[in-house]
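Trainee: what's the 3D shape of this:
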Amino acid sequence: MSWIQERLRGFGEREISVGDDGAVTYAQFGVKVAHWRKAVDAWGIGAGDRVGLICDYHIDVVALLQALIETGCVVVPLAEDDRSLFDERLTISCATKLLGVAADGPISPETTEFRDLGEVPPHPLQAPLVEAGRPGFVIFTSGSTGKGKAVLLDYARMVDKFQDKARDAFRTLLFLKLDHIGGLNTLFSVIFNGGTIVTCGSRQAKDICAGIERHRVELLPTTPSFLTMLLMSGVHRQHDLSSLKVITYGTEVMPNSTLASLHQALPAVMLKQTYGLSELGILSTKSKDSTSKWMKIGGAGFELQVREGMLWIRSAQAMLGYLNAPSPFDADGWYDTGDRVETDGEYFQILGRESEIINVAGEKVFPIEIESFLLTIDNVKDVVVREKKSPVTGQMVWAEFLLDREEESAVFKRRVLEECRRQLAPFKVPGFITIARDGTLVGSRFKKIRRTKPEDAVRADAPTA
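Mentor: Next comes the predicted model:
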């Protein structure tokens, strides 16, 4: 795809990245890519190799990634916090090589760990890419509703939408990781449009805000859970965030209370909901406004249908398939997203994952609706709502809280129940309440952990029923 190399060369002296290590121009980036191409050749990595890449964002990591793509490799990005899953994921991906980029200190071919994993035949779905020497990716779904699936993506399909004339680009802080479809899409969107990537070594709210202030970040792509944590921490008031123009949020449903509070805290910032799946790619979206969760979804190469309240999509950017599971597409290429939606003309509102809906004596409860209300209660720093089995109603609402300050559990529980009984329908009132002791209710991808089994929770209170 010569258009990519021509596009990158054409940006010349624009800054492709800024960070604590300084700034790098697109011209300097080209030199870095050539340097990494030599290292890739020296390691004996060639077209068709499936390469595990242990890394986080850094301009040299992006240059190495580009070198592997230009070589024609299928890249398997791996994040350090998933290290216990590396062997399994490398086996599923039929990986032939492994590169581990230094997490600390200077990044270079000399500090990069290389392992030859031997001759491994490709998966049948990988074979066409391997035989043609075409680049691709294997990324793993989060597994929030079961074991993570290995998604095989064709790089050409992923980036074809960027081939049209370059659009306006922002100075963008890379938040979603490289092993996430949203992280890859953000990276490609920035560099193929001549924007500037900003990297941050930490994803803690105070460090993200400091990075926004220091590097004058204009676009922050993140998750609702992170934004909830940001608001509750109050650190946004301790930094100059006036450079921010847009915050995009996705990967999970946004609580109404968080969206309203965020708009109030940062009224000059456009808040835009995004939508995409590893299996389908990232769709174009347009929010009604910064306070609304209604959005238009689609764009070139996407078709949408709503079947019995569920969103189905057919995509020209769709994955080639799962490496460890049957194809989820129907005979006509449509994919059930698992998202229950409402429609209003051209606009959609995502209500939540069908698999996460709590069925209380036949009544459907969407966790995000309850969370949005519970977040407005005093002393609630964060909350996650899950289902818990009930011998009476089949399921009940289980609310696990993270408190802002110490409070006697019985007193807190009583306050919550009083508020809920005044404001919510009886079947929506939590039947079980716990208080988290580990300081977080989100995973390493800053998404709510909803599938934890009740017996694994630290119980601060008895059942409320």
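Trainee: Can you pull out the low-pLDDT segments for the stretch 301-450 of the chain?
Mentor: For the stretch 301-450 of the chain, the stretches flagged by pLDDT under 70 are 439, 444-446, 450.
Trainee: how about the helices of it, start to end?
Mentor: In the stretch 301-450 of the chain, the segments counted as helices under DSSP state H, counting those that start in this stretch are 367-374, 409-423.
Trainee: Which one of those helices lies nearest to Ala79?
Mentor: Comparison of the helices of the stretch 301-450 of the chain against Ala79 by CB to CB identifies helix 367-374 as nearest, at 25.8 Å. Every residue, glycine included, has its C-beta placed from N, CA and C.
Trainee: Now do the closest one against helix 409-423, angle only.
Mentor: Here the directions of helix 367-374 and helix 409-423 differ by 110 degrees (axes from the mean of the first three to the mean of the last three CA atoms, to 10 degrees).
Trainee: still on that earlier bit, make TSV out of the helices of the stretch 301-450 of the chain and add distance to Glu113 and mean neighbour count.
Mentor: Listed next are those as TSV, based on distance: least, CB to CB, whole Å; neighbours: other CB atoms under 10 Å:
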stretch	distance to Glu113	mean neighbour count
helix 367-374	41	21
helix 409-423	47	15
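Trainee: Now distance to Val62 too, for those helices, in a markdown table please.
Mentor: Listed next are those as a markdown table, based on distance: least, CB to CB, whole Å:
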| stretch | distance to Val62 |
| --- | --- |
| helix 367-374 | 34 |
| helix 409-423 | 46 |
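Trainee: Can you say which of these is nearest to Lys32?
Mentor: If we rank the helices of the stretch 301-450 of the chain by CB to CB, the stretch that ends up nearest is helix 367-374, at 42.4 Å.
Trainee: just how off-centre is the closest one within its chain?
Mentor: Computed by CA atoms, centre = their mean, to the nearest Å, the chain-centroid distance of helix 367-374 equals 21 Å.
Trainee: list the helices and strands that helix packs on?
Mentor: helix 256-265, strand 347-353, strand 380-390, strand 394-403, helix 409-423 (3 or more CB pairs under 8 Å, 6 or more residues apart in numbering; DSSP states H and E).
Trainee: what does the last one rub up against?
Mentor: Going back to what we said before, that points to helix 409-423. Here helix 409-423 makes contact (CB atoms under 8 Å, 6 or more residues apart in numbering) with 373-374, 377-379, 399, 401, 403, 428-430, 433, 435, 460-461, 464.
Trainee: OK, contacts around the residue lying closest to Lys296 once chain neighbours are set aside?
Mentor: Excluding the flanking residues, the one nearest Lys296 by CB to CB, 6 or more residues apart in numbering is Lys286, at 4.4 Å. Neighbour list for Lys286: Lys272, Met295, Lys296 [criterion: CB under 8 Å, 6+ apart].
Trainee: In helices, which of those residues appear?
Mentor: Counting by DSSP state H, none of the members of the contacts of Lys286 fall within helices.
Trainee: ranking those residues by neighbours, who comes first?
Mentor: Met295 (20 neighbours; other CB atoms under 10 Å).
Trainee: That one contacts Tyr275, correct?
Mentor: Yes. Met295 is in contact with Tyr275 according to CB atoms under 8 Å; the separation is 7.2 Å.
Trainee: re the thing from before, how about the secondary structure of the residue nearest to Lys296?
Mentor: Secondary structure assignment for Lys286 (DSSP: H, G, I helix; E, B strand; the rest coil): strand.
Trainee: So for it, what pLDDT did the model give?
Mentor: Per-residue pLDDT puts Lys286 at 92.
Trainee: Give the residues shared as contacts by Met295 and Tyr275.
Mentor: Residues within reach of Met295 and of Tyr275 at once, by CB under 8 Å, 6+ apart, are Thr285.
Trainee: hang on, the earlier thing: of all the helices of the stretch 301-450 of the chain, which lies closest to His180?
Mentor: Checking those against His180 by CB to CB gives helix 367-374 as the closest, at 20.5 Å.
Trainee: any idea of the angle the closest one forms with strand 380-390?
Mentor: 140 degrees.
Trainee: just to revisit the earlier point, figure out which of the helices and strands packed on helix 367-374 is closest to Ala47.
Mentor: Among the helices and strands packed on helix 367-374, strand 347-353 sits nearest to Ala47 (CB to CB), with 38.5 Å.
Trainee: Measure how far the closest one is from the centre of its chain, please.
Mentor: 17 Å.
Trainee: Return the list of helices and strands in contact with it.
Mentor: When contacts are defined as 3+ CB pairs under 8 Å, 6+ apart, strand 347-353 sits against strand 295-298, strand 335-344, helix 367-374.
Trainee: got a list of contacts for the helix or strand hosting Ile4?
Mentor: Using DSSP states H and E, Ile4 sits in helix 2-10. The contact list for helix 2-10 (CB under 8 Å, 6+ apart) reads Tyr26, Ala27, Phe29, Gly30, Glu70, Val159, Gln163, Ala166, Ile191, Phe192, Gly194.
Trainee: Closest to Val442 out of those?
Mentor: Ile191 (28.2 Å).
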